[in-house]
Structures are given as structure tokens and as C-alpha cells.
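Enquirer: sequence-free structure coming up:
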């Protein structure tokens, strides 16, 4: 049986906790792994909790009783959340993002694995107490954010498809109308990918009028699922808003194609305050 | 200035290293952060390295000299790689996966954020010394594995699309023929999403004859990119194989629709040995 020094134990416990967010780990699991008294384990956990809390990483939640244990809850401090929002605002303001028709190029942001991880941690932090059973997103660009969020919540992901592939098995399909362009489309979700009655957190990259998210609400109803939250990286002004209750990290107020200027402010998570990260 | 105790320092350093795989961190960054002598930092790093190595998490690589520092390289031990492969094999054998036409339902596996993370760590471990600039995948089901791999390699992801959306800006598109079903299709990659001359690691969920991966090779040639590796979660027997050099974690040998039986063995990473994880 391996003999663990306290220093090695702290390193290993930190790794174990970080890699299993939201999962309840019985104290006895640690006590057995390290061949240590529960009191020593508790002291170690107190040290880890203190560092996580002070550095804005999250917290350790203790659940007492026979079925109790310890759980790592990723939390992002308000300061770090603001910094992330400013970073996204600065990025969104780059005139080179403007595409024909006033669309914005976002694939570079969504391809940045560190940024995606940080956004996922923030969403997981914001929705940490919502009892999420699964994160639901729509292909394609929302997928990385959905996984980053779900990973930090310790729950699975269900991906809504715009087509319906044979590899999805039996699916539920609904027809949708895009709120901004009035285009018709379909959304499909595999029957097996979400248990009936789940609590779902919807995550997506960008929301205009919210037609797609509205469609996801309708689709999730077919699964008797409850939507416990909606988080998008960015939203933009729309004349008619089809979804009211959602959180965004940044809001695109205006895209001036002629002047090549993009006006961005902090998102609904920050009550749409200025984001002055470009000073 | 905050005073760090050694125990707190070990916890924080472990977190810092784990969250920035493959990134070179100068020793001075740690020395300043913790207000500690470099010799103390080096002792801490030696402890962390030892725990990571013994627990099969990875290793710390020291780069000496003025531009030197320390780098966390995620590595998966052969033992843990085998366990993961067995887990995938067991899952793939479930008769309930069989869909009409002998297709397999995989979305539950790919929706499991812990499994996806473990597969990503394994690919990052296998390809750790290939000087990867970006991970490239094709929508939709390969995306989570690509992000999990790229995150552990500390590189971005570029997503090849089957359609070409206005939000991708200027794209390069090629026509493809599926190797197994001889269906025609297109693959598109946004010009901006991959710098010319990149070293690309291709990651996907499932490979039959390899038509899609072959198409990605052709598409990447248009970016003067070099493919430095190909990793897929699972492959299946095909009469004509369009890609030779690739790694899979599991191989589906036969899907017997009538008997509802799926024959699976370990993938090419394990030279196609039996995977007897179902004993």
C-alpha cells in the first residue's frame, strides 16, 4: 500500500476534485485512497477550499450525514466574470468580423479552447444551483460552449439537429420560423438523448430574436422537460424578442456595415452596462 | 501582498498547471505569484510531477534557459488507456445501439462529458509530441472529441462544415464521395479558421471507409496544412480503406442486425487485440 505524504495528498486531491465538478465524493473514498484519518482529510479539504475561494476558482461544499461527502462547485468571481465579458466585448468589436449582410464572424472565438472553457465555467457558475440534468444546444457553433458548461456541471449534453440523421435513431422533430429572417426550418432531438422530464439548461453561441431558442423550448416540451435556464455568449438587438428570460455575456447593439463599426455592451448578466474593456 | 503557505501553494500550482496544458510557464511567474524563491518553487514542482507521474495524470516538463519554464503534459498510462478502450468496447457492444441499416447509435456516448474528456486526454497523450497547431474535425459528432483533445493540447479547433454558412465568411469547399455509401457531399472550411501551413490533427467520432477523413486531407491541402495525425473513437471494417494511418480506440468488426449482435475489438491503438472488458 502506497504511503502518501501530506504534500502529495494535497496535489492529488486537488486534481481529483477539479476533474469531477459537482460530483459528491464520500470522505471515506479519500480516507481509503490516502490511508489517512478523516480528520486529516478534512484539514486538507479546508486548505483546498480556502485556496479555491480566494483565487476565485470555486468552493468545496460539505454534505454531512451517512450519504454525505464533499463536492467541488466551480464558481467564477464577479471580478473574473467582468474581465471575461470585457474580453468578449473587445473581441466582438473588431471590424474584421463584419461579414456581408451584417453577420459577424465568430468561429475564431468559438475555436479558442481556453476562451470556450472560461465561458463554460462562467455559465456553470451562474446556473450552479439550478439542478440541471442536461445541457441542451443546437448544432453547430453552440456545441463547444455546451460541452464546456456541462463538463463543469458534471452533466451530459443533448444536441438538437437541424436535419435528422439516420444515426440519431427515433427523433422528435418540430418546424420552426426564424424570428429575425422568417426562414422556415426544423429542429430534431433524438428520443434517447434526453430522458423524459429532465431539467434542461439551454446554451448557445448567439441569439438574435430568439427563434431557435424558442423552438428548443417547444421541442423540449415534447420531452416533458423543464427549461431551468438559457445562456448565450452574445445576443443582439431584435425588434421582436421571442425569449425574455436569458443570460448573455455581451450584447451587440449595432453593426454598421458601411462605417465598419460594431457597437457592443456587456450582456444581460451584467444588466447591459457599458463594457469598457477597450480603454 | 498575500503570504502563501506551502500547502496553499501546492494546491494553487496544481490548479494552474492542470488548467494550462502544454503551455510553458516561466518559473519566475510562479516565484512572483507566491513570493517564494525559485528553489522552493522547484521543490514544489518536483512533488507535483511525482504525483502526476505515479497517478498516470501526466508529467511536468522542465525547459531550461532564459526562455525556459515548466509545462504540464497530460499523459495517460497504458493501463488507463486499456481501461478506457474496454469501457468503449463494452458500450459499443450493447445491442440496443443497432439502428436500421446496421448503423450504430452513438450520441449517448458522445453526450457523456466525462467519457469525452477521457478520450480527449488519451488522444492528447498519444499525439503529445507531434507539434500540433490545431485540431480539425467535421461537424457534428466529432466536435466534442475535437475540443476535448485540443483543450488538453492547448491548441484551437477548426470545424469543417458539410454545408457552407454565411457566418463562416470566405470558405474553401471541396466535393467528396463517401467511401462506404458512394454518396456525394461537400466539405467546407472557413479561410480564417486555420492559418496557412498549420500542422493539423484530425479527430472524429467514427470512421468507416474513411471517405470523410480522406476529404479532410484534400481540403487541408488547400490550406497547405500538414496532417500530423488522425484519431477516431471507433472505426469499422470496410472493404476499401481510404485512409491507412490512423488511430482508433475500438473497432466494430461486425453488426449482425438479425441476431442483434455487435462484434467489437480494441482499436488500432492497441493493434486490434481482443478487448475483454466484458468479462
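Expert: It's in. From a predicted model like this one, the values you see are computed outputs, not experimental measurements.
Enquirer: and the stretch 151-279 of chain A, which residues reach chain B?
Expert: Neighbours of chain B within the stretch 151-279 of chain A, by CB under 8 Å from any CB of the partner chain: A:151, A:154-159, A:161, A:166-169, A:190, A:192-193. Just so you know, the C-beta spots here come from the backbone N, C-alpha and C atoms, and that holds for glycine as well.
Enquirer: out of those, who's nearest residue A:215?
Expert: Nearest to residue A:215 out of those is residue A:161 (CB to CB; 12.0 Å).
Enquirer: which stretches of the stretch 101-250 of chain A have low pLDDT?
Expert: A:179-180 (pLDDT under 70).
Enquirer: which parts of it are helices?
Expert: If you assign secondary structure with DSSP state H, counting those that start in this stretch, the helices in the stretch 101-250 of chain A sit at A:107-111, A:113-126, A:143-153, A:211-221.
Enquirer: show me what contacts residue A:200?
Expert: A:132, A:133, A:134, A:135, A:136, A:158, A:194, A:220, A:225, A:226, A:227, A:228 (CB atoms under 8 Å, 6 or more residues apart in numbering or on different chains).
Enquirer: repeat the analysis, applying 6 Å as the threshold.
Expert: With contact set as CB atoms under 6 Å, 6 or more residues apart in numbering or on different chains, residue A:200 has these partners: A:134, A:136, A:220, A:225, A:227.
Enquirer: in strands, which of the residues of the stretch 151-279 of chain A next to chain B appear?
Expert: Of those, the ones assigned to strands by DSSP state E are A:157, A:158, A:159, A:190.
Enquirer: returning to what we had before: what's the most distant pair in the residues of the stretch 151-279 of chain A next to chain B?
Expert: Farthest pair in these, by CB to CB: A:154 and A:166, 30.8 Å.
Enquirer: neighbour-wise, which of these two wins?
Expert: residue A:154 (19 against 11; other CB atoms under 10 Å in any protein chain shown).
Enquirer: not counting its neighbours along the chain, what's nearest the more buried one?
Expert: residue A:22 (3.7 Å; CB to CB, 6 or more residues apart in numbering or on different chains).
Enquirer: assess the claim that the one you found and residue A:155 are in contact.
Expert: No - counting by CB atoms under 6 Å, residue A:155 is not a contact partner of residue A:22; they are 7.7 Å apart.
Enquirer: where does residue A:251 sit, in terms of helix or strand?
Expert: Assigned by DSSP states H and E, residue A:251 belongs to strand A:247-256.
Enquirer: quick one, what contacts residue A:243?
Expert: A:210, A:213, A:214.
Enquirer: same thing with residue A:143?
Expert: Here residue A:143 is in contact with A:137, B:143 (criterion: CB under 6 Å, 6+ apart).
Enquirer: change it to 8 Å
Expert: A:137, A:157, A:159, B:140, B:143, B:144 are the contacts of residue A:143 under CB under 8 Å, 6+ apart.
Enquirer: residues near the third one, how many?
Expert: To tie it back to what came earlier, the one meant is residue A:159. 26.
Enquirer: can you name the residues bridging to it?
Expert: residue A:137 (DSSP bridges).
Enquirer: one step back: neighbour-wise, which of residue A:22 and residue A:155 wins?
Expert: residue A:155 (25 against 17).
Enquirer: hang on, isn't residue A:173 packed against residue A:188?
Expert: Yes - using CB atoms under 8 Å, residue A:173 is in contact with residue A:188, at 4.4 Å.
Enquirer: okay, and the common contacts of these two?
Expert: In contact with both residue A:173 and residue A:188: residue A:164, using CB under 8 Å, 6+ apart.
Enquirer: how about residue A:175, nearest residue that isn't a chain neighbour?
Expert: Per CB to CB, 6+ apart, closest to residue A:175 is residue A:186, 5.7 Å.
Enquirer: ok, residue A:172 next?
Expert: residue A:222 (4.7 Å).
Enquirer: now swap in residue A:183 and tell me
Expert: Among residues not flanking residue A:183 along the chain, residue A:177 sits closest, at 7.3 Å (CB to CB, 6+ apart).
Enquirer: okay, now that neighbour: neighbour count?
Expert: 14.
Enquirer: hang on, the earlier thing: could you look up the SS state of the residue nearest to residue A:154?
Expert: Assigned with DSSP: H, G, I helix; E, B strand; the rest coil, residue A:22 falls in the coil class.
Enquirer: ok, it to chain B distance?
Expert: According to CB to the nearest CB, to the nearest Å, residue A:22 and chain B sit 11 Å apart.
Enquirer: model confidence score at that residue, please.
Expert: What the model reports for residue A:22 is a pLDDT of 97.
Enquirer: wait, what's in contact with it?
Expert: Going by CB under 8 Å, 6+ apart, the list of residues near residue A:22 reads A:71, A:72, A:73, A:128, A:152, A:153, A:154, A:155.
Enquirer: out of the residues you listed, flag the one nearest to residue B:270.
Expert: residue A:154 (29.0 Å).
Enquirer: I'd say that closest one and residue A:17 touch.
Expert: No - applying CB under 8 Å, one finds residue A:154 not in contact with residue A:17, separated by 11.7 Å.
Enquirer: looking at residue A:173 and residue A:188, which is more packed in?
Expert: Taking residue A:173 and residue A:188 together and counting by other CB under 10 Å, residue A:188 has the greater number of neighbours (18 against 13).
Enquirer: what residues are bridge-paired with the more buried one?
Expert: residue A:161, residue A:173.
Enquirer: in the longest helix along chain A, which residues are buried?
Expert: When chain A is scanned for its longest helix (criterion: DSSP state H), the result is helix A:38-54. Neighbour counts over helix A:38-54 (16 or more other CB atoms under 10 Å in any protein chain shown) mark A:41, A:44, A:45, A:47, A:48, A:49, A:50, A:51, A:52 as buried.
Enquirer: and chain B, which of those contact it?
Expert: A:47, A:48, A:50, A:51, A:52.
Enquirer: any idea how far residue A:46 is from the residue nearest to the third one when sequence neighbours are not counted?
Expert: Closest residue in space to residue A:50, ignoring its immediate chain neighbours: residue B:8 at 7.0 Å, by CB to CB, 6+ apart. Per CB to CB, to the nearest Å, residue B:8 is found 11 Å from residue A:46.
Enquirer: then residue A:121?
Expert: Residue A:121 is 23 Å from residue A:46, by CB to CB.
Enquirer: and what of residue A:273?
Expert: 36 Å.
Enquirer: ok, residue A:131 - contacts?
Expert: Counted by CB under 8 Å, 6+ apart, residue A:131 has contacts A:199, A:228.
Enquirer: apply 6 Å and report the result again.
Expert: residue A:199.
Enquirer: most neighbours, which of the contacts of residue A:200?
Expert: residue A:136 (30 neighbours).
Enquirer: residue A:209 contacts residue A:244, correct?
Expert: No - contact criterion CB under 6 Å: residue A:209 and residue A:244 do not qualify, at 11.8 Å.
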